[in-house]
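*Asks:* quick one, structure for this:
(one chain, ligands or ions: 1)
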Amino acid sequence: FSTSQQRRVERVKLQKINRELIVSPSVAKANFLHLQQDIDAVVSAGAPWLHLSVQDGYFVPKVSFGSPVVSALRKQYPDTILDCKLGTINPERRVQEFVKAGADIISVHPEATLQLPAVINDIAASGCSPGVVLNPGTPVSLIEPILEDVDVVVVMLVNPGHGGKKYLKQAIDKIQAIQRFASDNDIPLPHISVDGGVSASNSAALIDAGANVLVAGGSVFKSDDKEAVISDLLHGGSETVTISSGRNDFA
Ligand SMILES: O=C(CO)[C@@H](O)[C@H](O)COP(=O)(O)O
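*Replies:* Numbers count the residues shown, from 1 in each chain. The predicted model follows:
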């Protein structure tokens, strides 16, 4: 692996140990007609990661973009952590493509592969940070056997590619369950990333629960003041949502 990739992956691990609060803007929600302009804006606004939601139109019902976009971002933003989420069936077939494209983190859906531990090991052996994704219908128990081997757990608040219904209370319960399992089993806590409808109205509740990575698409890229939005996400916006008792929030 290149020394610059090693440096970035080391930074991911240090941020994990320090529980650094991170905003990871979701590139899928940028303006693709002015992609460099949008990415320049979030990088100069201080976003240390970029979230790349790769969707294959099969595991996730929409197609977003592929490794050529990752390669272009790698060349243009050599110091930014590229946080790739493979919303693809059989992600084991795509790991090397995204490693070569310059991904730093590669997260996969446990339901999308027949051998999750092998995929996690392949990502780590390739010099990248491995991660797993929990859709609203995926219990924390499914990833307990490999929790100690990943650097990132992405807790989805929406069903990828479906938008709509938001599972805020459920996400908070999962964040707490991940922390409990890690503590009970003496496992270093991975980055806990939250993704899908994350905004200043719910970020404080998610951070309080234990999330330290905020994936944000629309809330960042729809704003003209990206610095202010990123600050609000990290420090909680003016009006914060109260957690309804057990009911899921609807968009
Ligand atoms: O992968 C996905 C959704 O499928 C996410 O990464 C979204 O792209 C985040 O965008 P917002 O919900 O924050 O607008």
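*Asks:* how about the closest residue to the ligand within the stretch 151-251 of the chain, nearest residue that isn't a chain neighbour?
*Replies:* Scanning the stretch 151-251 of the chain for the residue nearest the ligand gives Gly217, at 2.5 Å (criterion: CB to the nearest ligand atom). Where C-beta positions appear, they are placed from N, C-alpha and C, glycine not excepted. In this structure, Gly217 finds its nearest non-sequential neighbour in Lys29, 3.0 Å apart by CB to CB, 6 or more residues apart in numbering.
*Asks:* I'd say the residue of the stretch 151-251 of the chain closest to the ligand and Ser24 touch.
*Replies:* No - contact between Gly217 and Ser24 fails when scored by CB atoms under 8 Å: they sit 9.8 Å apart.
*Asks:* more neighbours, those two?
*Replies:* Ser24 (31 against 21; other CB atoms under 10 Å).
*Asks:* joint contacts of Gly217 and Ser24?
*Replies:* Common contacts of Gly217 and Ser24, defined by CB atoms under 8 Å, 6 or more residues apart in numbering, comprise His51.
*Asks:* where does the chain dip in pLDDT?
*Replies:* Along the chain, segments meeting pLDDT under 70 span 1, 237-251.
*Asks:* got the residues of the stretch 101-250 of the chain near the ligand?
*Replies:* 160-161, 195-198, 215-219 (CB under 6 Å from any ligand atom).
*Asks:* what does the helix or strand hosting Arg7 rub up against?
*Replies:* According to DSSP states H and E, Arg7 maps onto helix 3-17. For helix 3-17, the external contacting residues (CB under 8 Å, 6+ apart) are 1, 20, 22, 48, 78-79, 81, 102, 104-105, 127-129, 151-152, 188-191.
*Asks:* please redo it, this time with the cut-off set to 7 Å
*Replies:* Outside of helix 3-17, the residues within contact range by CB atoms under 7 Å, 6 or more residues apart in numbering are 22, 78, 81, 104-105, 127-129, 151, 190-191.
*Asks:* closest to the ligand out of the residues you listed?
*Replies:* Ile105 (13.2 Å).
*Asks:* could you report the neighbour count for the closest one?
*Replies:* Neighbours of Ile105 using other CB under 10 Å come to 29.
*Asks:* that one reaches Cys84, doesn't it?
*Replies:* Yes - the criterion here is CB atoms under 7 Å, and Ile105 meets it with Cys84 at 6.2 Å.
*Asks:* Gln170 falls within a strand, correct?
*Replies:* No - Gln170: not assigned to a strand; according to DSSP: H, G, I helix; E, B strand; the rest coil it is helix.
*Asks:* what comes up buried for stretch 154-171?
*Replies:* Buried residues in stretch 154-171, counting neighbours by 16 or more other CB atoms under 10 Å, are found at 154-161, 166-171.
*Asks:* could you do stretch 13-21 as well?
*Replies:* 15-16.
*Asks:* the helices in the stretch 151-251 of the chain, which residues?
*Replies:* Under the criterion DSSP state H, counting those that start in this stretch, the stretch 151-251 of the chain carries helices at the ranges 168-184, 203-209, 218-221, 226-235.
*Asks:* same for the last one, what does it pack against?
*Replies:* Right, helix 226-235. strand 22-25, helix 218-221 (3 or more CB pairs under 7 Å, 6 or more residues apart in numbering; DSSP states H and E).
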